[in-house]
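[1] 3D model of this:
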Amino acid sequence: MPEPNTELVVPVLINGAVFATVAVIVPAFLLSRFTRDIVGRSVLVIFCLSQLAHTSVLPFRAGKC
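    Numbering: from 1, shown residues only. Coordinates of the predicted model:
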């Protein structure tokens, strides 16, 4: 097994944090401002579950697990 490239760890973590901010926090804020409470929560739950499914399936498809 090749040795991991440690130079990529910090940029990948920063990229993940930025993506999480854009993908979760911004829609949550917009939903809380422009929709009724139950509609916003429902859409946010569906969105978060779809992101969880994508994040869980991606490593298996890449053969990493």
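[2] As a check, name the ranges of all helices in the protein.
    Ranges of helices in the chain, per DSSP state H, are 9-20, 26-34, 37-62.
[3] Return the residues in contact with the most centrally placed residue in the chain.
    Nearest residue to the geometric centre of the chain (Cα atoms, centre = their mean): residue 20, 4.9 Å. If you count contacts by Cβ atoms under 8 Å, 6 or more residues apart in numbering, residue 20 has none. In this view, the C-beta of every residue, glycine as well, is placed from N, C-alpha and C.
[4] Extract the C-alpha trace of stretch 20-39 and format it as PDB.
    Extracted in PDB, the C-alpha atoms of stretch 20-39 (Å, rounded to 0.1, in the frame of the first residue of the first chain):
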ATOM      1  CA  ALA A  20     -20.400  21.800   4.500                       C
ATOM      2  CA  THR A  21     -21.000  25.500   5.100                       C
ATOM      3  CA  VAL A  22     -22.300  26.100   1.600                       C
ATOM      4  CA  ALA A  23     -24.300  22.800   1.400                       C
ATOM      5  CA  VAL A  24     -25.900  22.800   4.800                       C
ATOM      6  CA  ILE A  25     -25.800  26.100   6.700                       C
ATOM      7  CA  VAL A  26     -26.800  28.400   3.800                       C
ATOM      8  CA  PRO A  27     -29.800  26.300   2.700                       C
ATOM      9  CA  ALA A  28     -30.800  25.900   6.400                       C
ATOM     10  CA  PHE A  29     -30.700  29.700   6.900                       C
ATOM     11  CA  LEU A  30     -32.600  30.400   3.700                       C
ATOM     12  CA  LEU A  31     -35.200  27.800   4.500                       C
ATOM     13  CA  SER A  32     -35.700  29.300   8.000                       C
ATOM     14  CA  ARG A  33     -36.300  32.700   6.500                       C
ATOM     15  CA  PHE A  34     -38.500  32.000   3.600                       C
ATOM     16  CA  THR A  35     -40.600  28.900   4.400                       C
ATOM     17  CA  ARG A  36     -43.000  27.800   7.200                       C
ATOM     18  CA  ASP A  37     -41.400  25.900  10.000                       C
ATOM     19  CA  ILE A  38     -42.500  22.400   9.100                       C
ATOM     20  CA  VAL A  39     -41.800  22.700   5.400                       C
END
